[in-house]
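> Next come a sequence and a model predicted from it.
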Amino acid sequence: MEIPLVFFSQFNMCESKEKMFFKLVHGSGKEETSKEAKIRAKEKRNRLSLLVQKADLHGETIPNRSCPLAKETRISPDEAVKWGESFDKLLSHRDGLDAFTRFLKTEFSEENIEFWIACEDFKKSKEPQQIALKAKTIYEKFIQNDAPQEVNLDFHTKEVISGSISQPTLHSFDAAQSRVYQLMEQDSYKRFLKSEIYLHLLEGRPQRPTNLRRRSRSFTYNEFQDVKSDVSIWL
């Protein structure tokens, strides 16, 4: 006696579990199998895909309207004239130091002024733990070979600092700071006085943010964590 075989097309064993589950839940309604329904579903998927692609392409380029624009800083031409009298007058003024730093960024040599600022802050340290921690950070960031922001120092100066870094004093970086100061005064400062940044200040034009690729990340004492710093007065 032959046993009749019955086939259920809706339970195709070759289909994935997800498709079988979808059929069981939603059924095989005739309206879903019609050509019109398939075309509408395809159009919806295409529109959704385009919207997602546009969001991915423009998501990072659309400006945040709630973010305020950077403010322009106006400096008196008379004040800017004083900066041309001496390098010391330039660095002793907050806006002058900022303008000179922006200029060094255009030459990718900002590590010099950042080292000088770090040394000025270091000399204000009082606690032994603070002195040791800052000295180690300055040495690793600016002095040692292949430092991320290594400044140009002669071999003898670097050797002296390396030998005293285990027991630093407030004068450990005096020779190096003086050397970098002279380099900036005799070289970078002269070019700064001829730069567009300085000439625009003499004409009374506003300073604008300089958006340049940094060769090295800015020096900051935030890495000192609990150690208090006075570096803000120099920036």
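Alright, I've got the coordinates.
> what does the model give the residue lying closest to residue 149 once chain neighbours are set aside for pLDDT?
Nearest non-adjacent residue to residue 149, counting by CB to CB, 6 or more residues apart in numbering: residue 111, 3.8 Å away. For glycine as for every other residue, the C-beta is placed from the backbone atoms N, C-alpha and C. With respect to pLDDT, residue 111 scores 97.
> same deal with residue 76?
pLDDT for residue 76: 89.
> Okay, it and residue 201: tell me how far apart.
9 Å (CB to CB, to the nearest Å).
> Look at those two and report which has more neighbours.
Neighbour count, other CB atoms under 10 Å: between residue 76 and residue 201, residue 201 has more, with 25 against 11.
> Next one: the residue nearest to the more buried one when sequence neighbours are not counted from residue 194, what distance?
Leaving aside its sequence neighbours, residue 201 sits nearest to residue 80 (CB to CB, 6+ apart; 4.0 Å). Distance of residue 80 to residue 194, given as CB to CB: 14 Å.
> between those two, who's got more neighbours?
Between residue 80 and residue 194, counted using other CB under 10 Å, residue 80 has the larger neighbour count: 21 against 8.
> Could I get the buried residue list for the helix or strand containing that one?
Using DSSP states H and E, residue 80 sits within helix 77-83. Using 16 or more other CB atoms under 10 Å as the test for burial, helix 77-83 gives 80, 83.
> Could you list every helix and strand in contact with that helix?
helix 87-92, helix 94-106, helix 196-202 (3 or more CB pairs under 8 Å, 6 or more residues apart in numbering; DSSP states H and E).
> what's that helix in contact with?
89-90, 93, 95-96, 99, 198, 201-204 (CB atoms under 8 Å, 6 or more residues apart in numbering).
> and of those residues, the nearest to residue 145?
Taking CB to CB as the measure, residue 145 sits nearest to residue 90 out of those, at 30.9 Å.
> which stretches of the chain have low pLDDT?
Scanning the chain for pLDDT under 70 picks out 1-73, 206-235.
> Residue ranges of each domain in it, please.
Domain segmentation of the chain under automatic domain parsing yields 11-58, 77-234.
> Who are the contact partners of residue 115?
138, 142, 149, 151, 176-177, 180, 219 are the contacts of residue 115 under CB under 8 Å, 6+ apart.
> Tabulate the residues you listed (CSV), appending neighbour count and distance to residue 164.
Listed next are the contacts of residue 115 as CSV, based on neighbours: other CB atoms under 10 Å; distance: CB to CB, whole Å:
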residue, neighbour count, distance to residue 164
138, 25, 12
142, 25, 15
149, 19, 20
151, 20, 17
176, 23, 11
177, 21, 14
180, 23, 18
219, 22, 21
